[in-house]
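**Student:** pasted the sequence and its predicted model underneath.
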Amino acid sequence: MRYFRLIFICFLVSSIISLIGVFILSSLKYIGDSDSDFKNLPYGIAVGVNLYLALGSLPILFNLNERVRSSVIWSAISFFLLPIVFVLLLLLAMWDEPWPGILFCMPYLVILTVLFFLRKKSDR
């Protein structure tokens, strides 16, 4: 259950940080400055990308296996492999304007890294 909690905390905190970033950028008129129906679309995209990364973090559950949990390499692979692949695919899909992908993905990866090191520290 603690790994589901870890995924949920990572999703929640990174979504909040991404939404704050979108709010700041829209307040400064960097994004969503036109008067259209899609003005608030970046908010939905931010939450959607973080949900996509959270679903990609489900291999964290492999850490329930003692062999994976005891090895730092296998544990790191279970934490980071799919989210990093998803981020690379997202950045390749948005190659002409990569800053939204960076804005939406970096908080999740940073928080996941912090939680990985905290989890490893508590497992010792």
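**Tutor:** Here it is on my side, so go on. Numbers count the residues shown, from 1 in each chain.
**Student:** quick check: closest non-adjacent residue to Tyr3.
**Tutor:** In space, and not counting its chain neighbours, Tyr3 is closest to Ile60: 5.0 Å by Cβ to Cβ, 6 or more residues apart in numbering. For the C-beta atoms, the positions are set from N, CA and C on the backbone; glycine is no exception.
**Student:** dump the residue contacts of that neighbour.
**Tutor:** Tyr3, Leu6, Ile7, Ser78, Phe79 (Cβ atoms under 8 Å, 6 or more residues apart in numbering).
**Student:** quick check: the residue of the chain most remote from its centre vs Trp74, distance?
**Tutor:** Taking Cα atoms, centre = their mean, the residue of the chain most remote from its mean C-alpha position is Asp35, at 29.5 Å. Distance, Asp35 to Trp74, using Cβ to Cβ, to the nearest Å: 51 Å.
**Student:** would you map the helices across the protein?
**Tutor:** For the chain, the helices defined by DSSP state H cover 2-27, 41-56, 66-70, 72-93, 99-123.
**Student:** can I get the third one in CSV, CA atoms only?
**Tutor:** These are the backbone C-alpha positions of helix 66-70, laid out as CSV (Å, rounded to 0.1, in the frame of the first residue of the first chain):
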residue,chain,number,x,y,z
GLU,A,66,12.5,-8.6,-2.1
ARG,A,67,14.9,-9.3,-4.9
VAL,A,68,14.0,-6.0,-6.7
ARG,A,69,13.8,-4.0,-3.4
SER,A,70,17.3,-5.2,-2.3
